[in-house]
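Peer 1: 3D model of this:
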Amino acid sequence: MSVRWRFNRVRAMGGREIVHRGVRYLRGRLEGIGLGLAVPPVADERRGQAWVIPLPRAISSSRYCAAADRILEGHFKLFGYYDLKSEFPPTWNRDPRTGTLAPADFGKTLDYRDSRVVGDIKYLWELNRHLELVTLAQAWHLSGELRFAVGCRALLKSWLDQCPYPKGPNWTSSLEVALRLVNWSCAWHLLGGEDSPLFADQEGRIFRQSWLDGVYRHCHFIAGHLSEHSSANNHLLGELLGLMVGSITWPSWPQTRRWKVYAQQRFAEQALLQNGADGVNREQAFWYQHEVADMMLLAGLTARANGCPFEPAYWQRLEESLACIASCLDSGGHMPAFGDADDGVVVRFAADDRDSVYCSLLATGSVLFDRGDFRYKARRLDDKSRWLLGDSAAEHFDRLMPDATEQRLPRAFPLGGYYILGSDFEGAKEVRLVVDAGPLGYLSLAAHGHADALSFTLSVGGQPILIDTGTYTYHTEEAWRAYFRGTAAHNTIRVDGLDQSVAGGNFLWSRHANARCLLFEQGKDAQRIVAEHDGYRRLRDPVRHRREIVYRSDMGQIAVNDTLACRGSHRLESFWHFDECCTVILERAQVRVSHARGVLTLQWPEGLRAQLGRGQLEPPLGWRSHRFGEKVPCSSLCISGEVDGDWCGTTVIRLSGNS
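Peer 2: Numbering: from 1, shown residues only. Take a look at the predicted model:
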């Protein structure tokens, strides 16, 4: 861990946080010498209910059995796409991407950010969330074939043997401990709970005791190492989810009631705090909006099934979050990739992950909230929704009247700073612009935000054209981490080669650009937004960037009017990133963009130079990342020049032939 990162991290903290972290550090040191560690008491026989009663049966078993057989053959799917071929069970402390075997040192002092020690920790942690455990348990639940239940026992037993508490990389992060516990809970119920055939004989009873001891240690670890203060983002929610679900599933020890009450109360508070009243998750990252909504769903369903439901305000906030997703999702089911995304999920309920995570949420939400507009955008009831809501969900979904008018869906999200312009929504000729005029991210770290103020995406007829380029990496390849979260990777303006906000580390911004919307108008033929940010006010000669976007549906034209207010000389670069399906040709004073729905031309202001890049390495230009750990070339346009004093320029985008 670099000295610079530590320095910037401390600068971002307040006094209370420094005290809190000091106490937590001391606790970790004491645990390192064996003081204050979890000592599992004898568990009593109390057990909680599953998230839905009864668990669904009307799901075809064939895909789940096929997926489970692949797991038993040693195939593990990471982030939904990375196929790890390993032995079964795997070596749990080995990074599956680099082959690095992490040491069995005390977990809380192991530097998981050092790739020389642990490899790529994201891949190691992903394997250890035990998503495959749920798939095996689902296959057993649907088919009754004992080999799948036996596979669950082999997988769990090997993990308990290889990852002794509290040592190694799987005892470093409270979030990872919590998400593993959530998957254990789901698998426990799918395997039959206390009545599972796995526990029928002497060997099974010994295994059950080992598993319960592991559950207690997980709960104890989470309760003692919660993320607080400037790190109290989705990590804290995930940790509270794990502690709450674990305590409800296994209310088996004297501490359980205290853990459960505390975790549920704080989860409810954080769910309302981290999701604004307009429905936007305050991390300013749509993947984490999905992730937090998933957490809220599982927490809410589990609490309701066990007689301790959340208040109506909790469910209202979840519905508002789903409405935001529905508003931003284009007619092709594509979501802007604003902010970080790591493709991680809480529980992998669907065996083959065929459905969009956003459409899946809307399918679940349509049944929960009787929303025909959600049903229309979801298109179908997916397996994940069936697992969450039970067999009756299919009939409820079919009864809903699909609503394509979207009269209930907002177009402006003033707290989160997202604004939607366009026409023919949900139709074959849909034009949809999603503009980002919101905060950088959440709390002082803004850990998952990108320097993308005043950027926007454009899709035509459900086909993405102007895109957000994604994330690609977290802990490794720092140059690529900096590029994908930097201003040059977004459809906005960079000044003097600097990002709008100042990075202090891979998950830390030490100075934040503040964006605000000044005007948003929705007329019949013309729609307009005016917004600005102050990220470059930090320069010796301060610069304020203001952007006006005017969409004329009657003309098929978008005018982007940029203004830089300054006194001195500066270099400006205006970036435009195109989906890789587009054919982009640089002409004399414009680019011509051909795509499946028609043709688009983009004409830039006079006096500026144009460079078209695709897969360029130095400096990076022309890349996008659809999913974590992968990047592919795309066409990116950089318009650049020198300005001296106040500058105004208009970029004109003309649409034609969309059908």
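
Peer 1: contacting residues around the nearest residue to residue 413 once chain neighbours are set aside?
Peer 2: Computed as CB to CB, 6 or more residues apart in numbering, the closest residue to residue 413 that is not its neighbour in sequence is residue 278, at 4.4 Å. Where C-beta positions appear, they are placed from N, C-alpha and C, glycine not excepted. Going by CB atoms under 8 Å, 6 or more residues apart in numbering, residue 278 touches 320, 324, 410, 413, 414, 415, 416.

Peer 1: Keeping just the C-alphas, turn stretch 231-246 into PDB.
Peer 2: What follows is stretch 231-246, C-alpha atoms only, in PDB (Å, rounded to 0.1, in the frame of the first residue of the first chain):
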ATOM      1  CA  SER A 231     -16.300   3.800   3.800                       C
ATOM      2  CA  ALA A 232     -20.000   3.400   4.800                       C
ATOM      3  CA  ASN A 233     -21.200   2.800   1.200                       C
ATOM      4  CA  ASN A 234     -22.500  -0.400  -0.300                       C
ATOM      5  CA  HIS A 235     -19.900  -2.300   1.700                       C
ATOM      6  CA  LEU A 236     -21.700  -1.400   5.000                       C
ATOM      7  CA  LEU A 237     -25.000  -2.400   3.500                       C
ATOM      8  CA  GLY A 238     -23.700  -5.700   2.400                       C
ATOM      9  CA  GLU A 239     -22.100  -6.400   5.800                       C
ATOM     10  CA  LEU A 240     -25.300  -5.500   7.600                       C
ATOM     11  CA  LEU A 241     -27.200  -7.800   5.200                       C
ATOM     12  CA  GLY A 242     -25.000 -10.700   6.000                       C
ATOM     13  CA  LEU A 243     -25.200 -10.100   9.700                       C
ATOM     14  CA  MET A 244     -29.000  -9.700   9.500                       C
ATOM     15  CA  VAL A 245     -29.700 -12.700   7.300                       C
ATOM     16  CA  GLY A 246     -27.200 -14.900   9.200                       C
END
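
Peer 1: Could you check the pLDDT of the residue lying farthest from the centre of the chain?
Peer 2: For the chain, the C-alpha farthest from the mean C-alpha position belongs to residue 202; by CA atoms, centre = their mean, that distance is 42.5 Å. pLDDT recorded at residue 202 is 95.

Peer 1: Also residue 5?
Peer 2: pLDDT recorded at residue 5 is 47.

Peer 1: For the contacts of residue 278, which two are the farthest from each other?
Peer 2: 320 and 414 (12.9 Å; CB to CB).

Peer 1: in what helix or strand does the closest residue to residue 129 other than its chain neighbours lie?
Peer 2: With sequence-adjacent residues excluded and distances taken as CB to CB, 6+ apart, residue 129 is closest to residue 179, at 5.0 Å. Element membership for residue 179 (DSSP states H and E) is helix 174-190.

Peer 1: moving C-terminal of that helix, what's the next helix or strand?
Peer 2: helix 202-224.

Peer 1: ok so residue 84 is a strand residue?
Peer 2: Yes. Counting by DSSP: H, G, I helix; E, B strand; the rest coil, residue 84 is found in a strand.

Peer 1: quick check: domain ranges of the protein?
Peer 2: Annotated domains of the chain cover 38-42+53-225, 230-405, 412-656 [automatic domain parsing].

Peer 1: Save those domains as a markdown table, and put in distance to residue 28 too.
Peer 2: Below are these laid out as a markdown table (distance: least, CB to CB, whole Å):
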| stretch | distance to residue 28 |
| --- | --- |
| domain 38-42+53-225 | 4 |
| domain 230-405 | 15 |
| domain 412-656 | 20 |
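
Peer 1: Can you tell me which of those is most buried?
Peer 2: Of all those, domain 230-405 has the most neighbours on average by mean count of other CB atoms under 10 Å, namely a mean of 21.

Peer 1: what's the spacing between it and its chain's center?
Peer 2: Distance, stretch centre to chain centre, for domain 230-405: 12 Å (CA atoms, centre = their mean, to the nearest Å).

Peer 1: which residues in the stretch 51-200 of the chain form strands?
Peer 2: In the stretch 51-200 of the chain, the segments counted as strands under DSSP state E, counting those that start in this stretch are 75-78, 82-85.

Peer 1: So what touches the last one?
Peer 2: Just to be clear, that refers to strand 82-85. With contact meaning CB under 8 Å, 6+ apart, strand 82-85 is reached by 74, 75, 76, 77, 78, 90, 96, 97, 123, 127, 629.

Peer 1: coming back round to it: could you report the separation of the residue nearest to residue 413 from residue 421?
Peer 2: 17 Å (CB to CB, to the nearest Å).

Peer 1: do residue 81 as well
Peer 2: Counting by CB to CB, the gap from residue 81 to residue 421 is 33 Å.

Peer 1: Cheers, nothing more for now.
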